[in-house]
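Participant: From the sequence below, what's the structure:
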Amino acid sequence: MCGDIHAFAPSHVYRFVVDLSDQWRNYRAARKALENILTMPNIQAVANQNFKWCQEAKTELETYLMEGILTESFVLHNLQNLVGDYLE
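Facilitator: A predicted model of the protein is given here:
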């Protein structure tokens with residue numbers, strides 16, 4: 001999601017998951033590339049980074065999740081910031 005190659009890459013737009021290791025198994029170079037990155041240390045590092053990013057996003061988004069904050073006026077005046085926070 002952040003420029004990494006994932007064997008299971010969820011899409012934020014279409015909401016489906018593609019197993020690249022299954023889809024690319026007939027392509028030798030692609031299969032070899034996945035084998036090189038699908039190691040336990042690499043998977044753990046990516047999982048830890050994603051967890052860290054999720055915690056940071058949760059902290060940032062909590063500022064919007066207070067009673068009375070997400071009014072129509074607030075959303076209209078801060079739309080770019082709200083969308084930018086979501087996309088991060």
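Participant: Out of the helices and strands in the protein, which is least certain?
Facilitator: None of the helices or strands of the chain scores lower by mean pLDDT, DSSP states H and E than strand 8-10, at a mean of 48.
Participant: And the chain, what are its domain boundaries?
Facilitator: 1-38, 54-88 (automatic domain parsing).
Participant: For the shortest one, which residues meet the burial criterion?
Facilitator: Within domain 54-88, no residue counts as buried by 16 or more other CB atoms under 10 Å. (Glycine included, C-beta is placed from N, CA and C.)
Participant: Off-centre distance for it?
Facilitator: Offset of domain 54-88 from its chain centre (CA atoms, centre = their mean, to the nearest Å): 17 Å.
Participant: How about stretch 47-67?
Facilitator: Counting by CA atoms, centre = their mean, stretch 47-67 comes out at 12 Å from the chain centroid.
Participant: same question, stretch 38-54
Facilitator: Using CA atoms, centre = their mean, the offset of stretch 38-54 from its chain centre is 12 Å.
Participant: Is residue 66 within a helix or a strand, and which one?
Facilitator: Secondary structure assignment for residue 66, by DSSP states H and E: no helix or strand.
Participant: meant to ask about residue 18, not that
Facilitator: For residue 18, the element it lies in under DSSP H and E is strand 17-19.
Participant: coming back round to it: worst mean pLDDT among the domains of the chain?
Facilitator: Comparing mean pLDDT across the domains of the chain, the weakest is domain 1-38, with a mean of 71.
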